[in-house]
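*Asks:* predicted model, plus sequence, below.
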Amino acid sequence: SYYNTPEAEYDKCVKFESGLRPEVKHLIGFSEIRDFPTLVNKSRICDEDERAKLNHYKVVNDNKRKGQDRVKPYGDKNKKSGESSGGRKRNGGHCYKCGEVGHKIAECPQKEDKCFRCGRLGHRADVCREKVV
């Protein structure tokens, strides 16, 4: 009878493959497996691997997102306020525009750039023409 022929096995495999999820079908399609039990088993393994991979990346991304909201899990309780983990006092940060301590670049009152090479206003060190000895 037809059901026990290689053609029937082939048709069953083709029909089964057409119902697979695209990412599994893509992986299985290259194998051209024409033994139905083998095809079912390999498809199941591919599907499980694909789901495990998606789960892994979901967990990694969730952990990244959680890490952005997380408070430091270590020793801030014994620290005096205004003190950084290095033991130095923090007075609002160090400005990379004017070099002053007490504010950050976003709060800098200085309208012009200050050169860290020659100390003058109006340009930055990367374009400074002064020869510093």
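*Replies:* In hand now; what should we look at?

*Asks:* report the mean confidence score over the top helix by length along the chain.
*Replies:* The longest helix of the chain (DSSP state H) is helix 36-69. What helix 36-69 shows for mean pLDDT is 86.

*Asks:* quick check: buried residues in it?
*Replies:* Within helix 36-69, the residues scored as buried using 16 or more other C-beta atoms under 10 Å are 36, 39, 42, 43, 46, 47. Using the backbone N, CA and C atoms, a C-beta is placed for each residue, glycine as well.

*Asks:* ok, the last one - contacts?
*Replies:* Spelled out, it's residue 47. Taking C-beta atoms under 8 Å, 6 or more residues apart in numbering as the definition of contact, the neighbours of residue 47 are 20, 21, 24.

*Asks:* quick one: low-confidence residue ranges for the protein.
*Replies:* Counting by pLDDT under 70, the chain has low-confidence residues at 67-92, 132-133.

*Asks:* filter the contacts of residue 47 down to the buried ones.
*Replies:* Using 16+ other C-beta under 10 Å, the buried members of these are 20, 24.

*Asks:* ok so, going back, any idea how far the longest helix of the chain is from the chain center?
*Replies:* Taking C-alpha atoms, centre = their mean, to the nearest Å, one finds helix 36-69 lying 17 Å from the centre of the chain it belongs to.

*Asks:* stretch 113-121 too?
*Replies:* Shown here is stretch 113-121, whose average C-alpha point lies 37 Å from the average C-alpha point of the whole chain (C-alpha atoms, centre = their mean).

*Asks:* and the strands in the chain?
*Replies:* Taking DSSP state E, the chain contains no strands at all.

*Asks:* okay, now the domains of it?
*Replies:* Dividing the chain into domains by automatic domain parsing, as the record does, gives the ranges 2-69, 92-128.

*Asks:* got the buried residues of helix 36-69 as TSV, with distance to residue 94 columns?
*Replies:* Listed next are these as TSV, based on distance: C-beta to C-beta, whole Å:
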residue	distance to residue 94
36	70
39	64
42	60
43	59
46	54
47	54
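
*Asks:* thanks again, I'm all set now.
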